[in-house]
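In: Compute the structure for the input listed below.
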Amino acid sequence: MSDREHALPSSVLAPLDARLADLVALYEDLHRHPELAFQETRTAAEAARRLTAYGYDVTTGIGGTGVTAVLRNGPGPVVLLRADMDALPVTENSGVPYASTVPGRMHACGHDVHVTCLLGAADLLAAGRAHWSGTLVVLFQPAEEAGNGARAMLDDGLYSQGLVPTPDVVLGQHVAPFGAGLIAYCPGACMAAADTLEITFHGTGGHGSRPETTVDPILMAAAFVQRVQSVVAREIAAKEQAVVTVGSFHAGDGANVIPDRAVVRLSVRSFDQNVRTAVLAAVDRIARAEAAASGAPREPETRELESFPPTVNDTAVLAEVNASFTGLFGEQRVFAYEPATGSEDVGLLASAAGAPLYYWWLGGWDPDEFRTALAAGRLAQDIPSNHAPQFVPLARPTLEMGVQALTAAALNRLDGA
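Out: Numbers count the residues shown, from 1 in each chain. Down below sits the predicted model:
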């Protein structure tokens, strides 16, 4: 990368220091007012208000509560920057003064960080438009946690009806529980495919004192829950990766009543399509076999609640953007990381456009606490992970680096003015 290319991000980033107090206030405000999937009306309105003030062409209500903003600035590539907006049904236990004011809801995955950083980058890129040429699209997505927010925006005509120009590249970041001031990356498949299934086992109900007159769906479903764990342990090669987790089991209401059905919900994670197909087939086979072994009156019913593919980073774009990151932050702050078994739907925005994707991780935890836990081998015990009720990323330097990273990545893909 040339000296001129290194200088461009610095020129555009120059106003950031003066904007940081406002960004911290925005982050704390978003954290106080979390909104669940497809309910992000307050967050969306604030994003639209700011983007309009920055000079973007703003469209709201895409896929429910999604917001897009387009800034056309001469000939050149179309670059899409994405942030998700939704919170989680988690009761906060962080102790921060700006903790959630909404009972049972919390930004436990850092989407408040994502929104704040993207608005900060959108502001800087608009103010610094003399330094680049092309079209910038910023997208604020609903319902990432539900797994269907990106799909809802696409189905609502995001590209097909020209609500935004089809991007040449999709870029984004996710805050993570490692030291603030660091960026981690993973070439290729960086996050797993996710399939969420609901399986209903059918039995014959009756009195708890006379189980011989029933077909017990609780016993049937319990046997399934135990045996389905053998799929990863005994049917998937050790060199492959897959996760099967049963997270919900509902049956009956009374201690002395055997119900006529039991409902199980489970999550399957995988990185390879062949592994994914094999695991899903095994789950279905085991469910049917346990029902048959129990003498069920009919086969279990399986309903797909959500499904999206692995998040796959384009290696060429990753390498080129990382050159900007290392030029801006230094090589010691940008490091490779292994694939995560968590899942994301950002890849749908890229695949629907036929565009490459680069999605990186942004450190958000107190650097000293992270280093201490790492040295003691206690990261899992001492550093809360995403979705934990204590997971509240540090405002600074997380926000600075998040804004800088998005801005530098966009400039790397846009043409120089």
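
In: Tell me where the protein has helices.
Out: With DSSP state H, the ranges of helices along the chain come out as 3-13, 16-32, 41-54, 111-127, 149-155, 217-228, 230-235, 273-293, 315-329, 346-351, 367-375, 379-382, 398-413.

In: looking at those, which is closest to Gly104?
Out: helix 16-32 (14.4 Å; Cβ to Cβ). In short, each C-beta sits where N, CA and C put it, glycine included.

In: circling back to that earlier point, quick check: which of the helices of the chain is nearest to Arg265?
Out: Of all the helices of the chain, it is helix 217-228 that lies closest to Arg265, at 10.8 Å by Cβ to Cβ.

In: Averaged pLDDT, the closest one. What do you get?
Out: What helix 217-228 shows for mean pLDDT is 98.

In: Just the buried residues of that helix, please?
Out: Buried residues in helix 217-228, counted by 16 or more other Cβ atoms under 10 Å: Pro217, Ile218, Leu219, Met220, Ala221, Ala222, Ala223, Phe224, Val225, Val228.

In: Quickly note the distance from the residue lying closest to the last one once chain neighbours are set aside to Ser248.
Out: Same thing as Val228. The shortest distance from Val228 to any non-neighbouring residue, by Cβ to Cβ, 6 or more residues apart in numbering, is to Ile286 (5.4 Å). Using Cβ to Cβ, to the nearest Å, Ile286 is found at 17 Å from Ser248.

In: thinking again about what came up before, between the buried residues of helix 217-228, which sits nearest Trp360?
Out: Nearest to Trp360 among the buried residues of helix 217-228, with distances taken as Cβ to Cβ, is Val228, at 33.5 Å.

In: Okay, that closest one and Ala121: tell me how far apart.
Out: 43 Å.

In: Any stretches of the protein with poor pLDDT?
Out: Scanning the chain with the threshold set as pLDDT under 70 gives 1-8, 417.

In: Let's check: the centremost residue of it is which one?
Out: Glu344 (4.1 Å; Cα atoms, centre = their mean).

In: Please give me every residue in contact with it.
Out: Going by Cβ atoms under 8 Å, 6 or more residues apart in numbering, Glu344 touches Glu144, His174, Met191, Phe308, Thr311, Tyr359.

In: Need phi/psi at it.
Out: Main-chain torsions, Glu344, degrees, to the nearest 10: phi -150, psi 150.

In: how deep is Pro211 tucked in, by neighbour count?
Out: Per other Cβ atoms under 10 Å, the neighbour tally for Pro211 reads 12.

In: ok, now His387?
Out: 14.

In: Which one's more surrounded, Ile286 and Ser248?
Out: More crowded of Ile286 and Ser248, by other Cβ under 10 Å: Ile286, with 21 against 11.

In: Which residues are in contact with that one?
Out: Taking Cβ under 8 Å, 6+ apart, we find Ile286 in contact with Phe224, Arg227, Val228, Val231.

In: got those as a markdown table, with distance to Ala296 columns?
Out: Output for the contacts of Ile286, formatted as a markdown table (distance: Cβ to Cβ, whole Å):
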| residue | distance to Ala296 |
| --- | --- |
| Phe224 | 11 |
| Arg227 | 15 |
| Val228 | 16 |
| Val231 | 21 |
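
In: wait, Thr200 sits on Arg261?
Out: Yes - using Cβ atoms under 8 Å, Thr200 is in contact with Arg261, at 5.7 Å.

In: So the two - more neighbours on which side?
Out: Neighbours per residue (other Cβ under 10 Å) separate Thr200 from Arg261, with Arg261 holding more: 19 against 16.

In: if I look at that one, how far off is Arg210?
Out: 19 Å.

In: so which of the helices of the chain comes closest to Gly74?
Out: Going by Cβ to Cβ, the one of the helices of the chain nearest Gly74 is helix 111-127, 13.4 Å.

In: tell me how far the closest one is from the chain's mean position?
Out: 17 Å (Cα atoms, centre = their mean, to the nearest Å).

In: list the buried ones in that helix?
Out: 111-126.

In: Repeat that for stretch 230-248.
Out: Val231, Val232, Ile236, Gln241, Ala242, Val244, Val246.

In: Next: stretch 156-176.
Out: Of all the residues in stretch 156-176, those buried under the rule 16+ other Cβ under 10 Å are 158-159, 163-164, 167-176.

In: Let's see which of those residues end up in strands.
Out: Val169, Val170, Leu171, Gly172, Gln173, His174, Val175, Ala176 (DSSP state E).

In: one step back: save the helices of the chain as JSON lines, and put in distance to Pro89 too.
Out: Shown next, in JSON lines, are the helices of the chain (distance: least, Cβ to Cβ, whole Å):
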{"stretch": "helix 3-13", "distance to Pro89": "37"}
{"stretch": "helix 16-32", "distance to Pro89": "16"}
{"stretch": "helix 41-54", "distance to Pro89": "16"}
{"stretch": "helix 111-127", "distance to Pro89": "14"}
{"stretch": "helix 149-155", "distance to Pro89": "16"}
{"stretch": "helix 217-228", "distance to Pro89": "23"}
{"stretch": "helix 230-235", "distance to Pro89": "27"}
{"stretch": "helix 273-293", "distance to Pro89": "25"}
{"stretch": "helix 315-329", "distance to Pro89": "34"}
{"stretch": "helix 346-351", "distance to Pro89": "22"}
{"stretch": "helix 367-375", "distance to Pro89": "27"}
{"stretch": "helix 379-382", "distance to Pro89": "23"}
{"stretch": "helix 398-413", "distance to Pro89": "24"}
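
In: closest to Ala340 out of the ones you listed?
Out: The nearest among these, by Cβ to Cβ, is helix 346-351 at 12.9 Å.

In: And the contacts of the closest one?
Out: Contacts of helix 346-351 (Cβ under 8 Å, 6+ apart): 80, 82, 84, 139, 141, 144, 150-151, 153-154, 158, 167, 169-170, 172, 308-312, 356-357, 359.

In: Phe308 contacts Ala192, doesn't it?
Out: No - using Cβ under 8 Å, Phe308 makes no contact with Ala192, being 9.9 Å away.

In: Can you check which residues contact both of the two?
Out: Ser343.

In: Neighbour count for these two, which is higher?
Out: Set Phe308 next to Ala192 and count neighbours by other Cβ under 10 Å: Ala192 wins out with 26 against 22.

In: Quick check: the gap between that one and Ser343.
Out: For Ala192, the distance to Ser343 - Cβ to Cβ - is 5 Å.
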